[in-house]
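[1] Any chance you could fold what I've pasted below:
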Amino acid sequence: MKRFLRRTLLLIIGLLFCIVSSLHTRVLLLGVIVLLLQNEDFVSNYLKIKKRWVLLSTLVLYILIFPKRSFDKEAEYQSVYFNSTGNTVSMPWLPYLSSIISEEDGQSVAVFMMHVLPEDIIRILVQKGLGLPFGSALRDMVTYSNHESLWNNYLFHNGAPTSMLPSNLYFQMMQDKGQYKDLSHYFVHLPKNKNLEDCEVTVFCHGFLGNWLLYPKIYDEYSNHIVICVETKGMSGIFTSSDMKHIYSKVLPHAYKRIGISPKKPHLVGLSNGCSAINTAITTLPTQFKSYTALSGGLFSKPRYGQKVKVIYGATDQSGGVSKYIPQNKYKLHVIKGDNHVLYISNPDTVFSILKQFDTSL
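    Numbers count the residues shown, from 1 in each chain. You can find the predicted model right below:
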C-alpha cells in the first residue's frame, strides 16, 4: 500500500513538473521526485546520493533562483514598491515568500485540470460559479479554459518573460486587511529596443482577483506602449475616486521618474471591474488621460467633456453595457460576436485591432 501511494505521489509530482513554468517551482518538484525515486527498487541501485545532500542541493539551488525582491530600472518587467515618502523599497517579506508557487504556475495547473476533469465536474463548476459574486465571469473563464487548446490558452504557460517576478496577489490581500498601509505597488513593462521618451504610456487597471502579470504580457505582444499596471488595496478591482487621485498624483509620477521619462498624458484602460477606474476618472480626472477604454465592462458615468470612451465587450458578456442615460456621442461601442467576459485573454487580436483604429502608436 505504501509503495502504491508513493508511486501515485511520484506520478502527480512528475505531472506537475511538466505543467509548471517557473524555474524555482521546477527545482522544488525535481528535488521531491529524486527523493521519491530513491525508494524505488528499480532505480535505488543507481541513485547513491544521500538524501541529506539531495535536500541541501535542492534548497541551495531553490534559493539561488527564487524570484528577486527588487529589480533594476532597465528590466523589461518590473514589480515596484514605494513608501509614502516616495522612496522605492523591496517587496515585503511575507508577500515575497508567498511566491513559492508563482502566479503562472497556479494558472497553468488550473487550466490543465479543466482539461482532464470529467465534463460533469466542469458543468458543476460552471453552475456553482453562477451563484457566486461575479459568477458569470467565472463561468466564462472556466468555459474558455475547458474548450481552448492548452497551447493556445494564454493562461497556460503564459509566464516565460515574467516567470521570475513574484506574484503580488498576497500583498493585495494583506493590504485589504489593513497591512502595509504606507506602501504602494505597480507593475511596469518597458518596450524593448525603443526610445522610452518617445513611447506612449498606458495605465492598465485590473479587475476582480487582482493585478496579474498576465495583463502586461499580453499588452507586450501587441503594443509599443510603456504599460503601468496599477491596483486597488485588495483584489476587488473597484477603483474609487481616492484610488484614482492617488494613482495620478503619486503612482504615475513615481513611475515616470523611475523609468526616466518626462511626465506625459497616458491612456487609461480598465478590464472588467477595472472599468470602475474609467467611470471614476471620466468625472474626477476628465482631462488628465489621453483616452479612456472599458474592456469587458460597462460605462455608467457620463463623461464630462468631449472625450469619447471606447467600450469593448463580448456579445454574451453580462458585465458589458452602456447606461441608457449616456448620450451616444459620448462613447464608441464595440460588441464582439461570439465572445464573452474573457475577451482580452481569448481574443486579443480583435481587441487590439479595435484599439489601433483610434491609436496608431500601438
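
[2] Only C-alpha atoms, please: export stretch 99-108 in CSV.
    Only the C-alpha atoms of stretch 99-108 are listed here, as CSV (Å, rounded to 0.1, in the frame of the first residue of the first chain):
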residue,chain,number,x,y,z
SER,A,99,5.6,33.3,-4.3
ILE,A,100,6.7,29.7,-3.6
ILE,A,101,4.0,28.9,-6.2
SER,A,102,4.1,31.5,-8.9
GLU,A,103,1.0,33.1,-10.5
GLU,A,104,1.8,31.4,-13.8
ASP,A,105,2.1,28.0,-12.2
GLY,A,106,-1.3,28.4,-10.4
GLN,A,107,-3.0,29.3,-13.7
SER,A,108,-1.3,26.5,-15.6
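
[3] now it, how far from the centre of its chain.
    Centroid separation for stretch 99-108 versus its chain: 11 Å, with Cα atoms, centre = their mean, to the nearest Å.

[4] Ok, stretch 143-156 next?
    On the basis of Cα atoms, centre = their mean, stretch 143-156 sits 16 Å off its chain's mean C-alpha point.

[5] Same check on stretch 286-298?
    That offset, for stretch 286-298, works out to 19 Å (Cα atoms, centre = their mean).

[6] Going by neighbour count, which residues in it are buried?
    Going by neighbour count (16 or more other Cβ atoms under 10 Å), the buried part of stretch 286-298 is Phe289, Lys290, Ser291, Tyr292, Thr293, Ala294, Leu295, Ser296, Gly297, Gly298. Just so you know, the C-beta spots here come from the backbone N, C-alpha and C atoms, and that holds for glycine as well.

[7] if we take those, which one ends up nearest to Arg304?
    Ranked by distance to Arg304 (Cβ to Cβ), those are led by Tyr292 at 11.4 Å.

[8] Distance of the closest residue to the closest one other than its chain neighbours relative to Ala277?
    In space, and not counting its chain neighbours, Tyr292 is closest to Val309: 4.6 Å by Cβ to Cβ, 6 or more residues apart in numbering. Separation of Val309 from Ala277 (Cβ to Cβ, to the nearest Å) stands at 12 Å.

[9] Show me which of the two is the more surrounded one.
    Ala277 (31 against 25; other Cβ atoms under 10 Å).

[10] ok but that one is inside a helix, no?
    Yes - in this structure, Ala277 lies within a helix as judged by DSSP: H, G, I helix; E, B strand; the rest coil.

[11] how close does it sit to Arg52?
    Distance from Ala277 to Arg52, counting by Cβ to Cβ: 52 Å.

[12] any residues touching stretch 250-262, and which ones?
    73, 78, 80, 82, 86, 88, 184, 186, 188, 190, 196-197, 199, 201, 203, 226, 228, 230, 263-264, 266 (Cβ atoms under 8 Å, 6 or more residues apart in numbering).

[13] Now intersect these with the strands, please.
    Gln78, Val80, Phe82, Thr88, Ser184, Tyr186, Val188, Val201, Val203, Ile226, Ile228, Val230 (DSSP state E).

[14] what's across from the third one in the sheet?
    Right, Phe82. Thr88, Ser184 (DSSP bridges).

[15] Also the last one?
    Bridge pairing for Val230 (DSSP bridges) gives the partners Cys205.

[16] Would you check that it makes contact with Gln172?
    No - look at Val230 against Gln172 with Cβ atoms under 8 Å: they stay out of range, at 11.5 Å.

[17] So for the two, which residue has more residues nearby?
    A direct count of neighbours by other Cβ under 10 Å for Val230 and Gln172 places Val230 higher, at 26 against 23.

[18] List the residues that contact that one.
    Val230 makes contact with Tyr186, Val203, Phe204, Cys205, His206, Asn211, Ile247, Val251, according to Cβ under 8 Å, 6+ apart.

[19] Gly234: neighbouring residues, count only.
    Neighbourhood size, Gly234 [other Cβ under 10 Å]: 14.

[20] Does it lie in a helix or a strand, and which?
    Assigned by DSSP states H and E, Gly234 falls within no helix or strand.

[21] Ramachandran coordinates for it?
    phi 110, psi 170 (degrees, to the nearest 10).

[22] show me what contacts the nearest residue to it once chain neighbours are set aside?
    With sequence-adjacent residues excluded and distances taken as Cβ to Cβ, 6+ apart, Gly234 is closest to Asp176, at 3.2 Å. Asp176 is in contact with Lys233, Gly234, Met235, Ser236, counting by Cβ under 8 Å, 6+ apart.

[23] ok, Ala277 touching Leu268?
    Yes - look at Ala277 against Leu268 with Cβ under 8 Å: they come within range, at 6.6 Å.

[24] what do these two both touch?
    Counting by Cβ under 8 Å, 6+ apart, the residues touching both Ala277 and Leu268 are Cys205.

[25] any idea how far Ser361 is from Val34?
    Using Cβ to Cβ, Ser361 is found at 51 Å from Val34.

[26] Glu76 - how many residues pack around it?
    Neighbour number of Glu76 under other Cβ under 10 Å is 14.
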